[in-house]
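Colleague: pasted the sequence and its predicted model underneath.
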Amino acid sequence: MSITIQGISKIYGAQRALDNVSFSAKPGEIIGLLGPNGAGKTTTMKILTCFIPPSEGTATVCGYDVTKDHLDVRRHIGYLPEHNPLYKEMYVKEYLELIARIFKIKKPGSRIADLIEMTGLTKEQSKKIQFLSKGYRQRVGLAQAMMHDPEVLILDEPTSGLDPNQLMEIRALIKEVGKEKLVLFSSHIMQEVQALCSRVIILDNGKLVADDPISALIGAANGTKQIKVSFKSAMDVGQLKKIEGVQSVDKVGGFDYSIYSDAGIDVREMVFDLAVQQGNKILSMAEADKSIESVFQKITSKKQD
């Protein structure tokens, strides 16, 4: 396996940022690491890249222990952190030449040229990094992460700041790289995860709450129907939960609610009747499409009383 994590926990004082997390991954997988803010995604990535040690448990990358074999782990990993650290006063090509020297690339000119073409930096290679858009800075970060042809790519929000055209190009690049390497990336863009990933790992409050192929996660939700309802004013969630067939209710903001019900029962008429009884009005109501977003919301949401 390229990555193996066994019982990893990370403790900060009284807080457990990660709580007994275990999973493994192999080359040829593109894995989405998902979770609400503060769920432990970045902490997991920092442990795998040797930036911080785990408090408990073990983690290996390509057989090397992250607490004992720092240099060996880093030789096998390419890492793009969420806040992409670049020497902004340097030119793009100059910066990549520096990275090539750090990794002692044997034919740096050829490798840099390949990466510049691969990441779509050809027209920007003679510019200073400080004058690039955020999207192009992400491309520079991807190029440096792949400089040493690592077996594992760990990308924290890699498509942040990209316009739709750039996003499609980077998506295609990640898909191509993922044919031979292991790609582990976090994202808040659910459509991106659904388009790219073969598998999803979901963290919530530091715990691993799901680890499945996307098709399996969505398939598991087929027995549940999600109705999105926008009311004019607040509803009594307890009364909504008493409607026949309703499994759970999430308040998603303002006066908007997601109502999860048995797939075989249409609860919309009963929701309408309840709103009338409570002197409320429904501004919109629609059945949600099955998607990784709805599954994510279902798994990680805090139920409102």
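Modeller: Alright, I've got the coordinates. Residues are numbered from 1 along each chain as shown.

Colleague: burial measure for P164, as a count.
Modeller: Using other CB atoms under 10 Å, P164 has 7 neighbouring residues. C-beta here means a position set from N, CA and C on the backbone, and glycine is covered the same way.

Colleague: do Q130 as well
Modeller: 11.

Colleague: and if you look at V177?
Modeller: Neighbours of V177 under the rule other CB under 10 Å: 20.

Colleague: show me the contacts for it.
Modeller: V177 sits next to M146, L153, V183 when contact means CB atoms under 8 Å, 6 or more residues apart in numbering.

Colleague: measure it to E151 for me?
Modeller: Per CB to CB, to the nearest Å, V177 is found 11 Å from E151.

Colleague: next up, the contacts around R171.
Modeller: Counting by CB under 8 Å, 6+ apart, R171 makes contact with T159, E192, A195, L196.

Colleague: mind running it again at 10 Å?
Modeller: Neighbouring residues of R171 by CB atoms under 10 Å, 6 or more residues apart in numbering: P158, T159, L162, E192, A195, L196.

Colleague: top of the residues you listed by neighbour count?
Modeller: Of the contacts of R171, with other CB under 10 Å as the count, P158 tops at 28 neighbours.

Colleague: can you tell me the SS state at that residue?
Modeller: Recorded secondary structure, P158: coil (DSSP: H, G, I helix; E, B strand; the rest coil).

Colleague: state the phi and psi torsions of it.
Modeller: Main-chain dihedrals, P158, degrees, to the nearest 10: phi -70, psi -20.

Colleague: quick check: it touching L80?
Modeller: Yes. The criterion here is CB atoms under 10 Å, and P158 meets it with L80 at 5.7 Å.

Colleague: quick one: common contacting residues for those two?
Modeller: Here P158 and L80 have Q138, G141, L142, A145, F185 as joint contacts, going by CB under 10 Å, 6+ apart.

Colleague: list residues touching both of V177 and E151?
Modeller: Common neighbours of V177 and E151, counting by CB under 10 Å, 6+ apart, are G78.

Colleague: report the buried residues of the lowest-mean-pLDDT helix or strand in the chain.
Modeller: Within the chain, no helix or strand scores below helix 214-220, which has a mean of 71 by mean pLDDT, DSSP states H and E. Neighbour counts over helix 214-220 (16 or more other CB atoms under 10 Å) mark I214, L217, I218 as buried.

Colleague: list just the nearest of the residues you listed to D72.
Modeller: Nearest to D72, judged by CB to CB, of those is I214 at 32.0 Å.

Colleague: just checking, that closest one touches G32?
Modeller: Yes. Between I214 and G32 there is a contact under CB under 10 Å: 8.0 Å.

Colleague: let me see the ranges of the strands in the chain.
Modeller: For the chain, applying DSSP state E gives strands covering 3-12, 15-25, 30-34, 56-61, 64-65, 77-80, 152-156, 182-186, 199-204, 207-213, 224-231, 246-253, 256-262, 282-287.

Colleague: show me what counts as buried in stretch 270-285.
Modeller: Across stretch 270-285, burial judged by 16+ other CB under 10 Å covers M270, V271, L274, A275, N280, I282, M285.

Colleague: go ahead and confirm the fourth one touches I243.
Modeller: This points to A275. No. Between A275 and I243 there is no contact under CB under 10 Å: 11.1 Å.

Colleague: circling back: export the buried residues of stretch 270-285 to TSV and tack on pLDDT?
Modeller: Converted to TSV, the buried residues of stretch 270-285 look like this (pLDDT from 0 to 100):
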residue	pLDDT
M270	94
V271	95
L274	95
A275	94
N280	95
I282	95
M285	94
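
Colleague: those residues in helices, which ones?
Modeller: Mapping the buried residues of stretch 270-285 onto helices (DSSP state H) picks out M270, V271, L274, A275.

Colleague: isn't the third one right next to K242, touching?
Modeller: Yes. Applying CB under 10 Å as the test, L274 and K242 come out as touching, 8.8 Å apart.
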